[in-house]
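Participant: Have a look; sequence and predicted model below, questions after that.
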4 protein chains.
Amino acid sequence: METNKNTFIQEARKQQIIEATIRTLGDIGYVKASLAQIAKRASISTALISYHFADRQDLIEQCLQALIDQSATYILTKTYTVDEPASQLANFIEASIAYQATHPKENVALLEIVFNARTVNDVPFYKLPDDGEDPLLKALCNILNKGKEQGKFYVTSVNVMAKVIQGAIGEYMLIGGPFSIDAEQYSEEVTKIIWTAMKVEGTNNA
Amino acid sequence: METNKNTFIQEARKQQIIEATIRTLGDIGYVKASLAQIAKRASISTALISYHFADRQDLIEQCLQALIDQSATYILTKTYTVDEPASQLANFIEASIAYQATHPKENVALLEIVFNARTVNDVPFYKLPDDGEDPLLKALCNILNKGKEQGKFYVTSVNVMAKVIQGAIGEYMLIGGPFSIDAEQYSEEVTKIIWTAMKVEGTNNA
Amino acid sequence: METNKNTFIQEARKQQIIEATIRTLGDIGYVKASLAQIAKRASISTALISYHFADRQDLIEQCLQALIDQSATYILTKTYTVDEPASQLANFIEASIAYQATHPKENVALLEIVFNARTVNDVPFYKLPDDGEDPLLKALCNILNKGKEQGKFYVTSVNVMAKVIQGAIGEYMLIGGPFSIDAEQYSEEVTKIIWTAMKVEGTNNA
Amino acid sequence: METNKNTFIQEARKQQIIEATIRTLGDIGYVKASLAQIAKRASISTALISYHFADRQDLIEQCLQALIDQSATYILTKTYTVDEPASQLANFIEASIAYQATHPKENVALLEIVFNARTVNDVPFYKLPDDGEDPLLKALCNILNKGKEQGKFYVTSVNVMAKVIQGAIGEYMLIGGPFSIDAEQYSEEVTKIIWTAMKVEGTNNA
DNA sequence: CATGAATGAGCTTTCATTCAT
DNA sequence: AATGAATGAAAGCTCATTCAT
């Protein structure tokens, strides 16, 4: 009971700090997101961050994990409300883009971490081999493979097609300026393009 | 004369510093790329960097411009060796991916800047409206439009298709781990996918 | 009764904390011996240390007193197993050096405190006037005086001779490297030297 | 020329910082002698200390070396103004104690460092094997050996006798309170004691 | 009696930048 | 044109201590 309560408080604080970290990353970016800035936004002392997290690296990594979990849950939940591969793919694309539109802060924070953080050996996170651990990539490949097996998708390399889809999704947030397009419309068009690209027979073997 | 000579020396120094900055960004990333680290790689004093560039921000921006110019020249030169839109598109994709493979350091530096640097108002570079100034995007759209006019590409929204292509290209560098694929093969597959997506009639009006 | 019991527990805790402090001082030295490090070795929280001791200074001083008491008891007990001044002196020297050899941790802790701690006015402990309170120095002087009265020691200044003896004893722990010598042998030689120095007639008046 | 001038300025600054470090160690002790406190006494910024010394450890070590060099020079110069071992010994003792009396600040600083600083592996400096590198100990042993060879000193173990002498010297600074004695008188008495201890025949072989 | 949570003060170190030379 | 010297500001982190529970 006591322990649970303590753990609860501790967990709540950690969540609060992670939330403040996300907010800070969105506000001023990775480089300026010092512990002092994060603490200010959480209305706590910097020492308290050090109390709950081993060091800055630890905070960033736990923050990253939280962001990955959140977005993956959001997207995969929406993806698997249907059974058919083509529909799943459409849902996947739509949910991925919708997440960016509805969670801009979280999305920016994710980007900031992935493209700024490095391991102790100076290997950037975005260059780290992912060893099939990205749940979204795995889900996407599964959908494509199933569609291919069922004769519904004609695709030479599932891996490349998955990358094309991921690239199209990731590009959405970089759209700005004169050519702006709403999430729904962008999703529809991308889905149409990908469907079309997999509709033609005769491209189903490497 | 004197002035020209001085300007020439000055320009050479600036190029040297920019080159060292690129190297530094590739080696240790944006966060650790302090003026001291850049100066060390250029074998000069940090004060000299401050002398040639207004401030750190200025250096980064000039470095970014140089990287953009270099890659655009590389890619567009290869793109326009042919006339036909379909071939130009293939060349564009191939050259874009080849640039990443042959200029890893420049490419990483580009990424590091775009995803880390911010304006004085803390607006990230990657969120900056580009106002049609990206020469690569402009070229890509021109090719797609020409193909569409010539009745060779069937594409609803040129803008979205351009983003899909850019996304697919940009994704190449993030490939690592168990699924690795060489640049040539990846280019071919992407080209085939995009061609296929634009081959089907009845999708040619916005 | 209640109070006695509480006092007993409290006393036991204080002893435990002091013991952990000694261990910590020996392990990592005065500078790094933070309350956190001491608490870790005592398997308690740092707050508990603050509860039992007024502040860090208080803990250090009580620790020092414990160390002084312990060593004085050890040495003086062995010293007074005999009656004759010359034997008492030999015992004193031997016990003093034996204490260092058999209680290295306590000895290092003593050193660390004496040479690091300072009063609130920044007066180092080792510079503090001792006001004849050092029981070992007092005992040593008594032995020398008694021997002198009995016509067995010829010594001009008892105070200086006492310092010489203390110096020789204190030096033992600083012996390291190529010239290492065991405690027993060192004791014997020092005793012989001191005896010899006091054996010669004609040096018995200040 | 330029280089020499620069080196000169740099060396002067380093000396100034080391001097301020010595002063700080005397004033407030090793524990509180932060770079900020040292900088304050040198009327410079803490960053300038970091500019001239690799880190705190480096500063402390260079300070220690300076102190050792200074005291050794002082003592050995006075020691070797005479030829005869007995006189050299008397000079050595007198100079050693005189140094403490005339350079109290330097002497305290030396103590503070030796008894507080530790290597990265937490080995205290005072426990470090000295491998015959202490110039004072070496000189002392040489004098004793020469006297022994010349039949002037009767001493079983030169090493132990050297330690006894060093102990007696080192003890001087710890004298305080009711029993205070001036340096000259203390030197004379110690010298007499040591001479007496080595005057008796029959103790010249281990 | 004992602890976890929390803080303000201080630490060492690095930063971008300035300035005299 | 180029540098060494210097600094204020800020970084991440640890400290001893307090307090509610």
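Facilitator: Nice, I can see it. Residues are numbered from 1 along each chain as shown, chains lettered A, B, ... in the order given.

Participant: so where's chain A uncertain?
Facilitator: Of all residues in chain A, those with pLDDT under 70 make up the ranges A:1-6, A:176-179, A:201-206.

Participant: which residues of it fall in helices?
Facilitator: A:2-32, A:35-42, A:46-52, A:56-79, A:85-102, A:104-114, A:135-149, A:158-171, A:183-197 (DSSP state H).

Participant: between these, which gets nearest to D:Thr7?
Facilitator: Across these, D:Thr7 has its closest neighbour in helix A:2-32 (37.2 Å, CB to CB). Quick note: C-beta positions are derived from backbone N, CA and C, even for glycine.

Participant: Show me how far the closest one is from its chain's centre.
Facilitator: Offset of helix A:2-32 from its chain centre (CA atoms, centre = their mean, to the nearest Å): 19 Å.

Participant: Which other helices and strands does that helix contact?
Facilitator: helix A:35-42, helix A:46-52, helix A:56-79, helix A:104-114, helix B:2-32 (3 or more CB pairs under 8 Å, 6 or more residues apart in numbering or on different chains; DSSP states H and E).

Participant: what's the most buried one of those?
Facilitator: Highest mean neighbour count of those: helix A:104-114, a mean of 21 (counted as mean count of other CB atoms under 10 Å in any protein chain shown).

Participant: Just send the helices and strands packed on helix A:2-32 back as TSV, with distance to C:Ala54 too.
Facilitator: Below are the helices and strands packed on helix A:2-32 laid out as TSV (distance: least, CB to CB, whole Å):
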stretch	distance to C:Ala54
helix A:35-42	31
helix A:46-52	23
helix A:56-79	35
helix A:104-114	46
helix B:2-32	45
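
Participant: Just put the ones you listed in TSV and tack on distance to DNA strand E.
Facilitator: Listed next are the helices and strands packed on helix A:2-32 as TSV, based on distance: least, CB to the nearest atom of the strand, whole Å:
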stretch	distance to DNA strand E
helix A:35-42	8
helix A:46-52	3
helix A:56-79	14
helix A:104-114	18
helix B:2-32	6
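
Participant: looking at those, which is closest to C:Ile175?
Facilitator: Closest to C:Ile175 of the helices and strands packed on helix A:2-32, according to CB to CB: helix A:46-52, at 42.7 Å.

Participant: just checking, A:Ile68 touches A:Leu110?
Facilitator: Yes - look at A:Ile68 against A:Leu110 with CB atoms under 8 Å: they come within range, at 7.3 Å.

Participant: follow-up on the earlier one: so which of the helices and strands packed on helix A:2-32 gets nearest B:Ile194?
Facilitator: Closest of the helices and strands packed on helix A:2-32 to B:Ile194 is helix A:56-79, at 24.4 Å (criterion: CB to CB).

Participant: elements contacting that closest one?
Facilitator: Judged by 3+ CB pairs under 8 Å, 6+ apart, helix A:56-79 is in contact with helix A:2-32, helix A:35-42, helix A:85-102, helix A:104-114, helix A:135-149.

Participant: now that helix, how far from the chain's geometric center?
Facilitator: Averaged C-alpha coordinates place helix A:56-79 at 7 Å from its chain's average position (CA atoms, centre = their mean).

Participant: Turn the helices of chain A into JSON lines, including distance to B:Ile28.
Facilitator: As requested, the helices of chain A are arranged in JSON lines below (distance: least, CB to CB, whole Å):
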{"stretch": "helix A:2-32", "distance to B:Ile28": "14"}
{"stretch": "helix A:35-42", "distance to B:Ile28": "21"}
{"stretch": "helix A:46-52", "distance to B:Ile28": "25"}
{"stretch": "helix A:56-79", "distance to B:Ile28": "15"}
{"stretch": "helix A:85-102", "distance to B:Ile28": "30"}
{"stretch": "helix A:104-114", "distance to B:Ile28": "17"}
{"stretch": "helix A:135-149", "distance to B:Ile28": "28"}
{"stretch": "helix A:158-171", "distance to B:Ile28": "25"}
{"stretch": "helix A:183-197", "distance to B:Ile28": "36"}
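
Participant: closest to B:Val123 out of these?
Facilitator: helix A:2-32 (9.4 Å).

Participant: Quick one: closest of the helices and strands packed on helix A:56-79 to B:Leu140.
Facilitator: Comparing the helices and strands packed on helix A:56-79 by CB to CB, helix A:85-102 comes nearest, at 20.6 Å.

Participant: quick one, the closest one and helix A:183-197 angle?
Facilitator: On the basis of axes from the mean of the first three to the mean of the last three CA atoms, to 10 degrees, helix A:85-102 is oriented at 150 degrees to helix A:183-197.

Participant: Which secondary structure elements does helix A:85-102 sit against?
Facilitator: Against helix A:85-102 (3+ CB pairs under 8 Å, 6+ apart) you get helix A:56-79, helix A:135-149, helix A:158-171, helix A:183-197.

Participant: Stretch A:118-135 near chain B at all?
Facilitator: Yes - using CB under 8 Å from any CB of the partner chain, stretch A:118-135 reaches chain B at A:118, A:122, A:124, A:126-132.

Participant: Now the terminal residues of stretch A:112-125, how far apart.
Facilitator: Its first and final residues considered, stretch A:112-125 spans 11 Å by CA to CA, to the nearest Å.

Participant: Okay, the residue in chain A that chain C sits nearest to and A:Gln10: tell me how far apart.
Facilitator: Going by CB to the nearest CB, chain C is nearest to A:Tyr51 of chain A, at 11.6 Å. To A:Gln10, A:Tyr51 is 10 Å away according to CB to CB, to the nearest Å.
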